[in-house]
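Trainee: sharing a sequence plus its predicted fold:
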Amino acid sequence: MSLLGRLRDMLRRDEEPALSVDDPDLVVVVEAFDIAEADSAALARSPQWRADEPAVLRHHVRIPADQVERARELLTPDGWVLVAGEIALISRVQKLDALHCAQERSRMASLAQRLGGEALGWDALQKPHDPAR
């Protein structure tokens, strides 16, 4: 992430409720595992997704076990958190829109291919809707 992006994120923190990739209250609000479906279509078909609120964008990626640490080295500087497993989960908090989802899907596909793995798709998580807000 660029210096400008980090500064912008720091300024936004006052406006947005705190959110963490490991928040147990998060629920999946949109899924995109069909490579033929546009990310904009995935977001549009989700009645639970709230575009004005931050979300955890979580990619599901197969990465060979011997490449997990290399993936983590490449992802951590940009705020991504990698949880290893048969299918690795690569997550970070951000506001979602179709452009950024598509960019990050492409990035994860490229990373997986370089490391001998496969990007399977992504989902997004947000806190359950609170009608009182």
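Mentor: Yes, it's here.
Trainee: which residue is nearest the middle of the protein?
Mentor: residue 57 (2.0 Å; Cα atoms, centre = their mean).
Trainee: ok, then the element right after whichever strand or helix holds that one?
Mentor: Taking DSSP states H and E as the criterion, residue 57 maps to strand 54-62. Sequence-wise, the next helix or strand downstream of strand 54-62 (DSSP H and E) is helix 68-75.
Trainee: buried ones in that next one?
Mentor: Across helix 68-75, burial judged by 16 or more other Cβ atoms under 10 Å covers 68, 71-72, 74-75. Where C-beta positions appear, they are placed from N, C-alpha and C, glycine not excepted.
Trainee: cool, and stretch 116-133?
Mentor: For stretch 116-133, a neighbour-count test (16+ other Cβ under 10 Å) marks 117, 119-127 as buried.
Trainee: and the residue nearest to the centre of the chain, what pLDDT?
Mentor: Residue 57 is assigned a predicted lDDT (pLDDT) of 97.
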